[in-house]
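K.L.:
Here is the input, now give the coordinates:
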Amino acid sequence: MQVRVITIEREYGSGGAIIARQVATRLGWNFWDEELTAEIARVANVDHHAAKNCDERVDSMIYRLFKVYARGSYERALPIGESRVFDTDRMFAILEQVVKDVADRGNCVIVGRGAPYILRNHPNAFHVFVYAPDDEKVCRLKSIGQSEKEALRLIGEIDRERASFIRHYFAKEWPLRSLYNLMINSKFGDEYVLEAILQDIALLEKRSSPQAARA
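P.N.:
Have a look, this model is predicted:
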């Protein structure tokens, strides 16, 4: 197996998106987080300036679920524009289309957005889940300016939304342990997680190489 796509799903506050960027930088690969949101916006013809009208014009459940996968490293929500009707079927079709297109280009790291579920059968994808204890997540979130109370609220709320999104569109649990090549605790530090991901990939590629098969 030659890994050409790495998906990194994460608990909110675990630092998974930051670690994902470090992985992409180390490998010299394309990084898709907020960049992926921008691509989804382009394909969907989303108007970034229509935020005030979003909740009034889009079904609340659909909009809430859209925000879950549109959120990037800092959980920013992408407003849905006025130019096109954005129903559940269109949202999911665009999500699949964009993630599969990015994966087909190869040499990329994709953060969240259900990518491990969409690419579960991709032959060159390596799937990672990053988690952490609540105290570690609170510490990380406080370091970017959130209060402890707000951090605790978001830790529960955002991960519940992510789980709801996966159940709604994939009829699976979040996280689905059997889906991931590696699940790792970030409390030991970003560098530890980074090296563990790269070493696991290297070992997997070595094990599946023609030389290993002949040994």
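
K.L.:
Three-state assignment for residue 95, please.
P.N.:
Three-state assignment for residue 95 (DSSP: H, G, I helix; E, B strand; the rest coil): helix.

K.L.:
how about it, what does it touch?
P.N.:
Contact partners of residue 95, counting by Cβ atoms under 8 Å, 6 or more residues apart in numbering, are 40, 69, 113, 114, 118. C-betas here are computed from N, CA, C, even on glycine.

K.L.:
Reformat the residues you listed as JSON lines; add pLDDT, distance to residue 99 and neighbour count.
P.N.:
Below are these laid out as JSON lines (pLDDT from 0 to 100; distance: Cβ to Cβ, whole Å; neighbours: other Cβ atoms under 10 Å):
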{"residue": "40", "pLDDT": "70", "distance to residue 99": "9", "neighbour count": "21"}
{"residue": "69", "pLDDT": "53", "distance to residue 99": "9", "neighbour count": "23"}
{"residue": "113", "pLDDT": "85", "distance to residue 99": "7", "neighbour count": "25"}
{"residue": "114", "pLDDT": "89", "distance to residue 99": "7", "neighbour count": "23"}
{"residue": "118", "pLDDT": "95", "distance to residue 99": "5", "neighbour count": "22"}
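
K.L.:
With adjacent residues omitted, what lies nearest to residue 126?
P.N.:
Take residue 126 and drop its neighbours on the chain: the residue closest to it by Cβ to Cβ, 6 or more residues apart in numbering is residue 3, 4.6 Å away.

K.L.:
and that neighbour, that one's in a helix?
P.N.:
No. Counting by three-state DSSP, residue 3 is not part of a helix but coil.

K.L.:
how much space between it and residue 135?
P.N.:
Counting by Cβ to Cβ, to the nearest Å, the separation of residue 3 from residue 135 is 33 Å.

K.L.:
neighbour count winner among these two?
P.N.:
Neighbours per residue (other Cβ atoms under 10 Å) separate residue 3 from residue 135, with residue 3 holding more: 19 against 9.

K.L.:
Give me the phi and psi angles of the more buried one.
P.N.:
Dihedral pair for residue 3: phi -70, psi 130, per degrees, to the nearest 10.

K.L.:
and it, what does it touch?
P.N.:
124, 125, 126, 201, 204, 205.

K.L.:
can you pull the contacts of the third one?
P.N.:
For residue 126, the residues meeting the contact criterion (Cβ under 8 Å, 6+ apart) are 3, 5, 6, 7, 181, 182, 200, 201, 204.

K.L.:
Is it correct that it falls within a helix?
P.N.:
No. Residue 126: not assigned to a helix; according to three-state DSSP it is strand.

K.L.:
can you put the contacts of residue 95 in JSON lines and add distance to residue 153?
P.N.:
Output for these, formatted as JSON lines (distance: Cβ to Cβ, whole Å):
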{"residue": "40", "distance to residue 153": "27"}
{"residue": "69", "distance to residue 153": "20"}
{"residue": "113", "distance to residue 153": "22"}
{"residue": "114", "distance to residue 153": "23"}
{"residue": "118", "distance to residue 153": "29"}
